[in-house]
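# predicted model follows, preceded by the sequence.
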Amino acid sequence: MSHPATPPTDEREFDVILFGATGFTGRQTVAYFARHAPAGVRWAIAGRDAHRLDDVARAWGDPACIVGDSQDVAAMAELAGRTRVMLTTVGPYALHGQALVEACIAAGTHYVDITGETAWVRDLIDRFHDKAAASATRIVPCCGFDSVPSDLGAWIAVNHLQSRHGTGCRRVRAFHRGRGGINGGTIASFLAMQASGAAARMRDPVLLNPPGMRDASRPEAEADPTFPSWNPELKAFAAPFIMGPINTRVVRRSAALAETWQAPYGNGFSYQEYWKGSGALGLAETMGMAWSQAIFPLLAGLGPVRRLLKRMLPAPGSGPSEATMDGGFFRCELIAEGENGQRIGVTLADQGDPGNRATVKMLCESALALAVNADELPAAHQRGGILTPATAFGDVLRRRLESAGMTIHIDDPWNAA
């Protein structure tokens with residue numbers, strides 16, 4: 001579905017460049033832009049293989065093609081200087097992302113990606129946050145399934161409690177369900193994190209918080225859950241969620257940034273998330289989920305196991321079938337508690353494989369929010385830095401995702417209206 005807004009123009013040649021357009025996820029971003037980008041948006045595709053770029057371009061209306069390698073610093077600088085917004089699907093980002101981020105900050109080009117590599121994001125914060133903030137350049141990692149539903153959902157809950165009930169939010173818990181496939185790029189990123197030791201750093205519950213806000217005594221510095229438990233509100237078993245160690249860090253950064261901007265989520269705000277068991281087999285499902293999440297990273301930390309997984313699992317550039325992606329779904333249910341006792345629910349749900357279809361929608365709509373709705377974003381043209389989806393986009397992304405078919409619902413029994 002196209003959005004009728006007309007993007008602002010400046011001296012840049014393009015509004016958005018899709019970098020990594022020949023990869024599995026990258027090809028899907030091209031298809032999404034060809035189908036849904038507003039008519040006034042000037043977009044191009046980029047990658048390192050000219051012949052493969054030409055093939056993708058011919059399939060989707062012949063957008064302009066730009067050749068560049070992620071390791072070529074000069075090429076990344078030239079690429080960033082030609083566009084207002086950079087969308088990249090080239091991972092693992094710790095191996096292929098830094099030159100492009102640095103080029104975008106130098107050029108004042110806004111940036112979005114779908115990384116779940118929070119250790120790399122921590123490095124970006126340490127090296128580049130202040131510089132990006134000074135130039136009001138929005139660098140926004142984690143704009144896919146990790147971590148838009150969690151981060152935007154928590155923000156919606158907090159905003160609703162504050163605006164409708166005049167109270168801060170004390171606690172949010174998110175419960176996920178979904179079905180889909182996995183692509184080779186995601187696997188490559190996971191194995192790269194295991195090989196580099198980044199997975200150990202990712203266990204820090206406040207890894208992404210600003211300096212001075214990473215104290216283990218802070219309310220949000222709670223450890224990830226490790227065992228299944230019964231949730232009486234949902235009448236279901238809940239287990240540790242495989243994306244929890246990524247999503248919780250992003251949500252906690254959103255809350256911490258809001259606190260530094262004198263707009264705190266709530267006194268002692270805390271956030272945690274889970275996988276929601278289903279039906280009579282919920283206990284067995286959640287026990288299996290908890291066991292696999294405890295054992296699999298340990299095994300993947302062993303070099304011989306990683307080499308075996310590389311041979312057995314999908315390679316970069318490949319992924320699930322169209323039928324698998326179309327037949328998938330995700331559902332994220334959040335329960336929020338206000339400081340005065342209010343309890344509300346927020347649900348985000350959509351059809352389509354969460355790691356592919358939904359991720360591509362979230363990523364592309366994030367890029368379009370920067371390209372089309374810049375004047376409506378939180379703090380408009382004043383905010384910059386290494387941001388999160390919630391702090392970068394706020395209600396703009398909610399509206400865009402709803403317009404693109406995502407269901408976002410607030411259940412508020414305390415609100416008589």
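Happy to help now that I have it. Residues are numbered from 1 along each chain as shown.
# now T248: which helix or strand?
helix 244-260 (DSSP states H and E).
# list the contacts of that helix.
116, 118, 142, 146-147, 150-151, 154-155, 158, 172, 174, 202-210, 213, 220, 224-225, 241, 264-265, 269, 271-274, 385, 387-391 (CB atoms under 8 Å, 6 or more residues apart in numbering). Using the backbone N, CA and C atoms, a C-beta is placed for each residue, glycine as well.
# which of those residues count as buried?
Buried members of the contacts of helix 244-260, scored by 16 or more other CB atoms under 10 Å, are 116, 118, 142, 146-147, 150-151, 154-155, 158, 172, 174, 202, 204-210, 213, 220, 224-225, 241, 264-265, 269, 271-274, 385, 387-391.
# show me the shaky parts of the stretch 301-417 of the chain.
Along the stretch 301-417 of the chain, segments meeting pLDDT under 70 span 301-303, 305-318, 415-417.
# tell me which of the buried ones among the contacts of helix 244-260 fall in strands.
Secondary structure from DSSP state E places 172, 174, 271-274, 385 of those in strands.
# ok, so of those residues, who is nearest C104?
Taking CB to CB as the measure, C104 sits nearest to G385 out of these, at 12.5 Å.
# is it true that that closest one touches R127?
No. Using CB atoms under 8 Å, G385 is not in contact with R127, being 11.8 Å away.
# can you pull the contacts of V73?
Residues in contact with V73 (CB under 8 Å, 6+ apart) are 99, 103.
# P320 versus that one, what's the distance?
As defined by CB to CB, to the nearest Å, V73 lies at a distance of 34 Å from P320.
# Q382 now?
Q382 is 41 Å from P320, by CB to CB.
# these two: which is more packed in?
Neighbour totals were compared for Q382 and P320, and P320 leads with 20 against 9 (other CB atoms under 10 Å).
# low-scoring stretches of the chain, by residue?
1-10, 183-197, 279-283, 287, 289-303, 305-318, 415-417.
# where do the strands sit along it?
Under DSSP E, the chain gives strands at 14-19, 43-47, 64-67, 83-88, 110-112, 138-140, 169-179, 229-231, 236-240, 270-276, 329-338, 343-351, 385-386, 407-411.
# how is the protein partitioned into domains?
Domains of the chain are assigned by automatic domain parsing as 14-145+358-399, 148-354+404-411.
# okay, those domains, which one's buried deepest?
Ranked by mean neighbour count, the domains of the chain are led by domain 14-145+358-399 with a mean of 22 (mean count of other CB atoms under 10 Å).
# span of that one from start to end?
Its start and end residues considered, domain 14-145+358-399 measures 24 Å (CA to CA, to the nearest Å).
# contacting residues for the nearest residue to I17 once chain neighbours are set aside?
Of all residues not flanking I17 in the chain, T83 sits nearest, at 4.3 Å (CB to CB, 6 or more residues apart in numbering). Taking CB under 8 Å, 6+ apart, we find T83 in contact with 12-17, 44, 109.
# again, only using 6 Å
Neighbour list for T83: 12, 14, 17 [criterion: CB atoms under 6 Å, 6 or more residues apart in numbering].
# repeat for T118
Counted by CB under 6 Å, 6+ apart, T118 has contacts 202, 207, 246, 249.
# what about the residue nearest to I17, distance to Q71?
According to CB to CB, T83 and Q71 sit 20 Å apart.
# ok, now F237?
Separation of F237 from Q71 (CB to CB) stands at 46 Å.
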